[in-house]
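Asks: test case, fold it:
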Amino acid sequence: MTPMKAAILSFVMLSGILIWGAGIYSADASTKHAVVDGYGVGAAIR
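Replies: Model (predicted):
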């Protein structure tokens, strides 16, 4: 794989992960569920 293809693939994969994460948080917020992040940060805010 060429470095350019690897860079584009990495960018697309990271963008997908960020969009997926934003979707999970917005879905939780729209249904008034507590945010679950696995690190206890959401619980510490309450």
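Asks: tell me what the strand or helix carrying residue 24 is packed against?
Replies: Using DSSP states H and E, residue 24 maps to helix 3-30. Helix 3-30 sits against no helix or strand, with contacts defined as 3 or more CB pairs under 8 Å, 6 or more residues apart in numbering; DSSP states H and E. For every residue, glycine as well, the C-beta is placed using N, CA and C.
Asks: what mean pLDDT does that helix have?
Replies: Helix 3-30 comes out with an average pLDDT of 90.
Asks: and residue 6, how far from residue 30?
Replies: 36 Å (CB to CB, to the nearest Å).
Asks: helix, strand or coil for residue 32?
Replies: The three-state label for residue 32, taken from DSSP: H, G, I helix; E, B strand; the rest coil, comes out as coil.
Asks: check contacts around it.
Replies: Residue 32 makes no contacts at all, as judged by CB atoms under 8 Å, 6 or more residues apart in numbering.
Asks: just residue 6 next, same as before
Replies: Going by CB under 8 Å, 6+ apart, residue 6 touches no other residue.
Asks: model confidence for residue 35, exactly?
Replies: 61.
Asks: I meant residue 40, not that one.
Replies: At residue 40, pLDDT is 60.
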